[in-house]
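Q: Build me a structure from this.
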Amino acid sequence: MDFYQVLGLTHTADAAAIRAAYRNLAKRYHPDVSELPDAHARFIAITEAYEVLGDPIARERYDRTRASPSPKRASAATEARYARETQARQQAARAKAEEYVRMRYDQFDADVFDSVAAYVVPKMLGCFGIGLMASVVLVIVVVVSLQFEDWGRPVAILAAMGFIPGIVYASMLFDEWHNKRQVDRKRRER
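A: Model prediction:
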């Protein structure tokens, strides 16, 4: 089976094109959204193709077999080994595709195409915002407290000592809130 042809690509396609083709075809053929009688079989075939071509090492090994349209070839012994590895990868992909078929499309899309950045970046920005806000408050407290001779210096020292623990505590609260929000969002989507 020519996995590139299954995804509608050539062997020169880059990783972004492979991912985009898989996402577009999955939107079209996932049994949860497609009315076509062969949607199940097509979805499994495109998932198998993506699982092999989406992994750079598996793709390179597939490209060195006769099944690939790529002109690169390995030696006969190596090609046979790569063909067995590709077949094993394809069987694992078929099992994964069967799992994806049982999912609603929304859940499949979230599980497969949500990136780590979509999860981590809001947390990082939230913690950065907390640190920035705490820094501004610290500067204000120190500047104001140093205006008073009697009690200003001890207040400034206490504020500085509580700066790092305060940021850590506020960041933990934010992280807990963000995790709960993500779980609630996934629950609503199901």
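Q: separation between the residue lying farthest from the centre of the chain and V143?
A: Farthest-out residue of the chain from its mean C-alpha position, per C-alpha atoms, centre = their mean: D150, at 55.2 Å. In this view, D150 and V143 are 17 Å apart by C-beta to C-beta, to the nearest Å. C-betas here are computed from N, CA, C, even on glycine.
Q: now swap in E35 and tell me
A: In terms of C-beta to C-beta, E35 sits 67 Å off from V143.
Q: Buried residues, the lowest-mean-pLDDT helix or strand in the chain. List them.
A: Least confident helix or strand, the chain: helix 105-113 with a mean of 79, by mean pLDDT, DSSP states H and E. By 16 or more other C-beta atoms under 10 Å, the buried positions in helix 105-113 come out as F108, D109, A110, V112.
Q: Please apply the same query to stretch 132-149.
A: A134, L138, V141, V142, S145.
Q: how's the protein carved up into domains?
A: 3-113, 116-189 (automatic domain parsing).
Q: Please compute how far the first one lies from its chain's middle.
A: To tie it back to what came earlier, the one meant is domain 3-113. 18 Å (C-alpha atoms, centre = their mean, to the nearest Å).
Q: now do the shortest one
A: Its chain's C-alpha centre lies 27 Å from the corresponding centre of domain 116-189 when counted by C-alpha atoms, centre = their mean.
Q: per-residue confidence averaged over it?
A: For domain 116-189, mean pLDDT rounds to 83.
Q: who's in contact with the nearest residue to H30 once chain neighbours are set aside?
A: Of all residues not flanking H30 in the chain, Y105 sits nearest, at 4.7 Å (C-beta to C-beta, 6 or more residues apart in numbering). By C-beta atoms under 8 Å, 6 or more residues apart in numbering, the residues touching Y105 are K27, H30, D32, V33.
Q: so the last one, which of the three states?
A: At V33, secondary structure determined by DSSP: H, G, I helix; E, B strand; the rest coil is coil.
Q: pretty sure it contacts K27?
A: Yes: counting by C-beta atoms under 8 Å, K27 is a contact partner of V33 at 6.9 Å.
Q: Neighbour count for those two, which is higher?
A: Set V33 next to K27 and count neighbours by other C-beta atoms under 10 Å: V33 wins out with 16 against 13.
Q: Quick check: phi and psi at that one.
A: phi -120, psi -10 (degrees, to the nearest 10).
Q: now D2
A: Here is the backbone geometry of D2 (degrees, to the nearest 10): phi -90, psi 100.
Q: And the pLDDT for the closest residue to it other than its chain neighbours?
A: Nearest residue to D2, sequence neighbours excluded (C-beta to C-beta, 6+ apart): P69, at 6.0 Å. P69 is assigned 85 on the pLDDT scale.
Q: mind checking the SS state of the residue farthest from the centre of the chain?
A: coil.
Q: if I look at it, how far off is A159?
A: 16 Å.
Q: again, but for A74
A: 66 Å.
Q: Nice, that's everything, thank you.
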